[in-house]
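Participant: Sequence and predicted model, in that order:
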Amino acid sequence: MKIKKAVIPVAGLGTRFLPATKTVPKELLPIVDIPAIQYVVQEAVDSGISEVIFVTGRGKDSIEDHFDESPELEQVLEQRGQKETLKGLRQIAAMIEVVSVRQKKPLGLGHAVLCARDLVGEEPFAVLLSDDLIDAPSPCLRQLLEISEEKKESVIALRRVPDHEVQRYGIVQGKQLGDRLYEVESMVEKPHPNETTSRLAIIGRYILRPEIFALLERAAPGKGGEIQLTDGIADLARQKKVYGYEFEGEHYDIGDKLGFVRATVAYALKRADLKKPIREYLRGVIDRK
């Protein structure tokens, strides 16, 4: 079955970026001049997804608005002759069908995914986390979909991390089946480095079978009193095969300030209009040091 739907949880409060996120959703903070969430949605589109389900919270309506038409703004741009800008805005509104569901309480990522159950239905689906930007020749989600289409099972994105980052991620133990491909045997949420020998971290891209919903529904709260998606996937792996794939591409954790700055610089350097002046500026800064 072709996977058509992607769930993108966007209900988080963005406390690590206060005061910027007091009134502006962190997902709309720009990487240069494009909101971070647009990069994530574009990855879904480029991977063949036709419907995005946002799991939102209070104060997040502007995320949906970003992917909607804006007749008043479009009229002003048209009157000013700003044809390229107008074309870009219309492309954003036309890029994909967007629907949303509200997560009324911050009960964890697993609960956020569970909120989308009625909109997903009984079919496999994708999950993309907006804190993770992945710059890759082939979209990360597309890489996972190719494995899922072959194996007909759930697949999660993996990246090897150094010891000091282990406590930031869900960590997978698994049997290596081939180049970059693993069969998941167990996983643990944010362990101390001494608690696991694995350094395979789960990064925010998933292809999940619909059986995950029943497991999340009866899952006990984990760390922080939240329903962890990692726990649900671990239960799923005890019933069906779950695969992990070390994706190809550069990962930026933009939920972290340093990661956000890294992503901004990296994406600016990819742009023809900014590459040269940014390089010159960075060289100047380094020389002054």
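Facilitator: Here it is on my side, so go on.
Participant: give me the number of residues near V184?
Facilitator: V184 has 24 neighbouring residues, counting by other C-beta atoms under 10 Å. Any C-beta I mention is one placed from the backbone N, CA and C, and that applies to glycine too.
Participant: So the closest residue to V265 other than its chain neighbours versus R271, what's the distance?
Facilitator: Distance criterion C-beta to C-beta, 6 or more residues apart in numbering; nearest residue to V265, sequence neighbours excluded, is I278 at 7.1 Å. Taking C-beta to C-beta, to the nearest Å as the criterion, I278 is separated from R271 by 8 Å.
Participant: Would you mind telling me which of these two has more residues around it?
Facilitator: It is I278, of I278 and R271, that has more neighbours when counted by other C-beta under 10 Å, with 17 against 11.
Participant: who's in contact with that one?
Facilitator: With contact taken as C-beta atoms under 8 Å, 6 or more residues apart in numbering, I278 is in contact with 265, 268-269.
Participant: Any of those residues buried? List them.
Facilitator: Among the contacts of I278, those scoring as buried are 265, 268 (criterion: 16 or more other C-beta atoms under 10 Å).
Participant: What is the nearest of the contacts of I278 to I203?
Facilitator: Sorting the contacts of I278 by distance to I203 puts V265 at the head of the list, at 20.2 Å, by C-beta to C-beta.
Participant: helices and strands around the helix or strand that closest one falls within, which ones?
Facilitator: Element membership of V265, judged by DSSP states H and E, is helix 257-269. Identification of packing neighbours for helix 257-269 by 3 or more C-beta pairs under 8 Å, 6 or more residues apart in numbering; DSSP states H and E yields strand 30-31, strand 132-135, strand 250-253, helix 275-288.
Participant: What angle do helix 275-288 and that helix make with each other?
Facilitator: An angle of 130 degrees separates the directions of helix 257-269 and helix 275-288 when computed by axes from the mean of the first three to the mean of the last three C-alpha atoms, to 10 degrees.
Participant: and helix 257-269, how far out from the chain's middle?
Facilitator: Per C-alpha atoms, centre = their mean, to the nearest Å, the displacement of helix 257-269 from the mean C-alpha position of its chain is 16 Å.
Participant: and what of stretch 22-38?
Facilitator: Between the centre of stretch 22-38 and the centre of its chain there are 13 Å (C-alpha atoms, centre = their mean).
Participant: where does A272 land in three-state SS?
Facilitator: Secondary structure of A272, reduced to three states by DSSP: H, G, I helix; E, B strand; the rest coil: coil.
Participant: Can you get me a residue count around it?
Facilitator: For A272, the count of nearby residues is 6 (other C-beta under 10 Å).
Participant: ok, now how distant is it from T264?
Facilitator: According to C-beta to C-beta, A272 and T264 sit 17 Å apart.
Participant: burial of K270, as a residue count?
Facilitator: 11.
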